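Novice: All I have is the shape, not the residue letters:
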Ligand SMILES: Cc1cc2nc3c(=O)[nH]c(=O)nc-3n(C[C@H](O)[C@H](O)[C@H](O)COP(=O)(O)OP(=O)(O)OC[C@H]3O[C@@H](n4cnc5c(N)ncnc54)[C@H](O)[C@@H]3O)c2cc1C
Ligand code: HEM
Ligand code: SF4
Ligand code: SF4
Ligand code: FES
């Protein structure tokens, strides 16, 4: 079994914080009901914010937010800081391993506030 | 089939080649090797390098252990005294007997010492074995002047050695010219002029009549023309004679002037006895080079193992550097022989100002190359040799080959135009066909081909041709041989470095804008970050650089498998006070860090959570520690031994030098990590020869070694320069490092970098020591800039609250990562294993 902490249901599954807490073109981590979520801020992209589960399922550690972001064949990715597999920022799909996928979450910007929820993000098939 | 007993007499280069190949062949044989020298086979060809710093061990071709591993029985230091052909056994000096089914004589040759009265006086020496070197060195230490008798290839090489030993050197030659066998008169004259410019006195047409004790020096040579010369030692290098005594005693056929007669299969007149190498006579000739010896060994081997191949004689073309001068000779360099009954024609290019002499000898109709002489410039050697060996038709105007190339002229021969049968590597006898075969078998780089075919693992002279052949073949197969960094930059690291430098670009965004495409990735971002640091040395966590940093640089610590970090304070040279040791202990205790002494003489503290790093460093910096850059592609440590401050054997203060070096180069970002060490004497306790640059103390200063490494493929460093004073040592290291930083590929360590430099170590010396590229000043000032802009990254970081924000585990919470779980082992923490963790997590 994968020992990643599982999302638990909660009354208030949301985090709100100022955009100034984030650094351009890199990641940070937020905690919502004990779920670690890696948040990436890419000001030049649309949308500029992405949220993935922080657990690297291949490296088996909570580290994804510390990876380098970039693109592979046009797809926005974060490279795991441990063994450098690429995870799509949009879909959570691992580019090196079809079967592996990291959960993605809803994230949005309202004024100067970043809002992350525990709702899975919907993406085009 | 019963295993045959094979006895090999002589463990020189050829005897070893034979035994090693036979033992590793699938067919089983019972092999015994008997060597007269006290040590297993070594590389005689590179004997002189012992005078430029190599140790005898560096020359070893094998070891007793290796023979044991491959099942060869080997005995050294006991010569074979006779062969008993009736009993089929050999008897050694010590009376040991070894029966054989097949006997292989590989006894080589000995230096000829002319029977001049006095040539047995102390100080009269020869030059063939490692033991000879010891003798020469011992006599050289006591004297000032040295003479080499014999102006041939070996004689001149020996002259170089005497010069390296600091002797005033003379060459005495009986014939009117130097290297008479290989060179024509013109070439020989040019060579002489060049050698004399190096302060080696050349005396030709001198017949030594007797040697007597001297007045001012040990010995005095008296010549037939009434002149004389005083010297402290004389090395005879007047030709070699085959060691054929065993064969004579056993009544095998030998040549009139010596040499054991062999046939195409290297069989002597007794079909159970083979002779190979320099002791053998084939077609009335002795072959005094190692490659023909190997071909003989192959022929003899094939008699026992495969379909027999025959030995058909061998090409004696040679290319070498004598006293730093390029000399090459191919085929009939004198143009004396007739070609198909017709006299041949020759073309000559001689340039006194640039000291270049080239001559080619071609057939009457101008179609075939028969011979060539090159002095001062061997750049055409490979091309000419290919024309010669493959009997290829020359271009319409053959002289064009040796005329200085017009700019833009097409290279005459490349890997592509050669026939499949062409020999690319003559040392290892590798043809173009074999190289193409290796590529078809899946090799896709020069390095692959090298390891499969062994091409270019001998003298190395064929590397350029090998590379062009491999590149051309790969290109023909549509293999893209690009060294582009990644999909975002169509440049190599070196090219990108240049573009960034010339354009004075200071941020990734600008660089991507100007020279790249897309958004970058985890390959190009850290590469650019490293280039920017090497050029402008800005704080790596500066706003525009922070998102480029690789895993470890990103948090100025080394990420471990559970996402925690280890940190390594700098301990320059491995020297540390008790107070500082105590601080490390206290910090480790307070934050419950696992401590371990590293292989680099410092202390690694493990198990720090990202949010603890600033506090821990706050305490370390307050106690005077600096970051150790264990996280960066940068200088790691400079190990040292205690040196002459404490050690009974030390000759210099290695600790002070190590501290100086470590403090000088700390923080400099490079294409890969850099390691160094300083030893206080030749015992080398600091293991400096396994480092990217290593320093070993000598009586007179420091020896500098470069391009070694440990790791997956360990490599001994090469001796780069000797007896340097402190200032010169540092100057060379400055230039060496900066040249590496400028030109190496991404993640290419110094050893691989140097191997890929065309011209290798010699070229590196030319650039760093002789400044042939004229960039030394620039390299030094670039280094000065880096030294002036050094900062302890941790000190800068803890002083900037804005920067510290990044080290929070969560933007919105003070909790810690609950997935990090430690257990205790031997009184310290370590990450819990998967099973332990599950047990602990369910408990809680
Ligand atoms: C300084 C120097 C530079 C050279 N440079 C080059 C070069 O640049 N290129 C090149 O191609 N060649 C060069 N050569 C020549 C090359 O080294 C020889 O061609 C090669 O070593 C020949 O190998 P071998 O095995 O036939 O003989 P050797 O290497 O001489 O080995 C013969 C061995 O047999 C042993 N032996 C002899 N008699 C007995 C006995 N009765 N019982 C047991 N053992 C015995 C000897 O002690 C010796 O160890 C150079 C040689 C020297 C000395
Ligand atoms: C007369 C012989 C020798 C003396 C006096 C000697 C002395 C020393 C001393 C004093 C040190 C500690 C240096 C320091 O402060 O870091 C040391 C370390 C070392 N020596 Fe030697 N040594 C000798 C021979 C050798 C030999 C023959 C080898 C290897 C074959 C060797 C390998 C080493 C190594 C690897 C270290 C470093 C150990 C470490 O990293 O902890 N030494 N030696
Ligand atoms: S290298 Fe020499 S000086 Fe240094 S510890 Fe070893 S023996 Fe002593
Ligand atoms: S040798 Fe292997 S296990 Fe040991 S530190 Fe190096 S990479 Fe890790
Ligand atoms: S020719 Fe000497 S290594 Fe290839």
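Specialist: Received the coordinates, thanks. In this text, all values refer to a predicted model and were calculated from it rather than measured experimentally. Numbering: from 1, shown residues only, chains lettered A, B, ... in the order given. Ligands and ions are numbered 1, 2, ... in the order given.
Novice: give the contact list for residue 20.
Specialist: In the absence of a named chain, this looks at chain A. Listed by Cβ atoms under 8 Å, 6 or more residues apart in numbering or on different chains, the contact partners of residue A:20 are residue A:112. Placement of C-beta: from N, CA and C, glycine included.
Novice: hmm, I had chain B in mind actually
Specialist: By Cβ under 8 Å, 6+ apart, the contact list for residue B:20 reads B:62, B:70, B:72.
Novice: Could you list the residues of chain B in contact with ligand 3?
Specialist: Contacts of chain B with ligand 3, taken as Cβ under 6 Å from any ligand atom, map to B:641-643, B:647, B:649-650, B:654, B:679-681, B:683-685.
Novice: what about 8 Å?
Specialist: B:640-644, B:646-651, B:654, B:679-686, B:696-697 (Cβ under 8 Å from any ligand atom).
Novice: returning to what we had before: just the buried residues of the contacts of residue B:20.
Specialist: Buried by 16 or more other Cβ atoms under 10 Å in any protein chain shown: B:62, B:72, out of the contacts of residue B:20.
Novice: still on that earlier bit, mark which of the residues of chain B next to ligand 3 are buried, thanks.
Specialist: B:640-644, B:647, B:650-651, B:654, B:679-681, B:684-686, B:696-697.
Novice: Which of those residues fall in helices?
Specialist: Those of those mapping onto helices are residue B:654, per DSSP state H.
Novice: got a pLDDT number for residue B:484?
Specialist: We have a pLDDT of 82 for residue B:484.
Novice: Nearest spatial neighbour of the residue of chain A found nearest ligand 5, chain-adjacent residues omitted?
Specialist: Across chain A, the shortest distance to ligand 5 (Cβ to the nearest ligand atom) belongs to residue A:84, at 37.4 Å. Leaving aside its chain neighbours, residue A:84 sits nearest to residue B:522 (5.9 Å; criterion: Cβ to Cβ, 6 or more residues apart in numbering or on different chains).
Novice: Tell me the secondary structure at that neighbour.
Specialist: Taking DSSP: H, G, I helix; E, B strand; the rest coil as the rule, one finds residue B:522 in the coil state.
Novice: Show the contacting residues for it.
Specialist: A:67-68, A:70, A:79, A:84, B:550.
Novice: how about 7 Å then?
Specialist: Applying Cβ atoms under 7 Å, 6 or more residues apart in numbering or on different chains to residue B:522 gives the contacts A:68, A:70, A:79, A:84.
Novice: And the furthest pair within the residues you listed?
Specialist: A:70 and A:84 (11.4 Å; Cβ to Cβ).
Novice: any chance of the contacts of residue B:522 in TSV, plus neighbour count and secondary structure?
Specialist: As requested, the contacts of residue B:522 are exported to TSV (neighbours: other Cβ atoms under 10 Å in any protein chain shown; DSSP: H, G, I helix; E, B strand; the rest coil):
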residue	neighbour count	secondary structure
A:68	28	strand
A:70	27	strand
A:79	23	strand
A:84	17	coil
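Novice: Residue B:450 contacts residue B:467, doesn't it?
Specialist: No. Contact between residue B:450 and residue B:467 fails when scored by Cβ atoms under 7 Å: they sit 9.7 Å apart.
Novice: Report the separation between residue B:639 and ligand 5.
Specialist: 34 Å (Cβ to the nearest ligand atom, to the nearest Å).
Novice: what's the burial count for the residue nearest to residue B:36 when sequence neighbours are not counted?
Specialist: In this structure, residue B:36 finds its nearest non-sequential neighbour in residue B:79, 3.7 Å apart by Cβ to Cβ, 6+ apart. Counted with other Cβ atoms under 10 Å in any protein chain shown, residues neighbouring residue B:79 total 17.
Novice: List the contacts of residue B:79.
Specialist: B:36, B:92-93.
Novice: Mind doing that once more with 10 Å?
Specialist: B:9-10, B:34-37, B:92-94, B:107, B:243, B:245-246 (Cβ atoms under 10 Å, 6 or more residues apart in numbering or on different chains).
Novice: What of residue B:773?
Specialist: Residues in contact with residue B:773, defined by Cβ under 10 Å, 6+ apart, are B:739, B:763, B:766-767, B:779.
Novice: Ok, residue B:110 next?
Specialist: Counting by Cβ under 10 Å, 6+ apart, residue B:110 makes contact with B:126, B:128-129, B:240-243, B:245, B:278-279.
Novice: My reading is that it lies in a strand. Confirm?
Specialist: Yes. Per three-state DSSP, residue B:110 lies within a strand segment.
Novice: If it is in a bridge, with which residues?
Specialist: residue B:241 (DSSP bridges).
Novice: pLDDT wise, what is it at?
Specialist: If you check residue B:110, the pLDDT there is 94.
Novice: how near is it to ligand 5?
Specialist: On the measure of Cβ to the nearest ligand atom, residue B:110 and ligand 5 end up 25 Å apart.
Novice: one step back: quick check on the contacts of residue B:79: which are buried?
Specialist: By 16+ other Cβ under 10 Å, those give B:9-10, B:34-37, B:92, B:107, B:243, B:245-246 as buried.
Novice: Apart from its neighbours in sequence, what residue is nearest residue B:276?
Specialist: residue B:296 (4.0 Å).
Novice: Relative to ligand 1, how far out is the residue nearest to residue B:28 when sequence neighbours are not counted?
Specialist: Distance criterion Cβ to Cβ, 6+ apart; nearest residue to residue B:28, sequence neighbours excluded, is residue B:3 at 4.9 Å. Distance, residue B:3 to ligand 1, using Cβ to the nearest ligand atom: 23 Å.
Novice: list the contacts for residue B:3?
Specialist: When contacts are counted by Cβ under 10 Å, 6+ apart, residue B:3 touches B:27-31, B:101.
Novice: show me where pLDDT drops low in the chain?
Specialist: All of this is about chain A. Along chain A, the parts satisfying pLDDT under 70 run over A:1-12, A:122-125.
Novice: Can you look at chain B instead?
Specialist: B:1-2, B:336-340, B:405-417, B:458-461, B:479-482, B:841-844.
Novice: remind me, longest helix of it?
Specialist: Under DSSP H, chain B gives helix B:726-743 as its longest helix.
Novice: Show me which residues of that one are buried.
Specialist: By neighbour count on 16+ other Cβ under 10 Å, the buried set for helix B:726-743 is B:729-743.
Novice: Contact partners for the residue lying closest to residue B:467 once chain neighbours are set aside?
Specialist: For residue B:467, ignoring the flanking residues on the chain, the nearest one in space by Cβ to Cβ, 6+ apart is residue B:446 at 5.1 Å. Residues counted as contacts of residue B:446 (Cβ under 10 Å, 6+ apart) are B:435, B:455-456, B:463, B:466-471, B:474, B:481, B:755-756.
Novice: Check those for burial and list the buried ones.
Specialist: In the contacts of residue B:446, the ones that pass as buried (16+ other Cβ under 10 Å) are B:435, B:455-456, B:463, B:466-471, B:474, B:755-756.
Novice: give me the subset of these touching ligand 5.
Specialist: Among the buried ones among the contacts of residue B:446, ligand 5 is touched by B:455-456, B:463, B:466 when using Cβ under 8 Å from any ligand atom.
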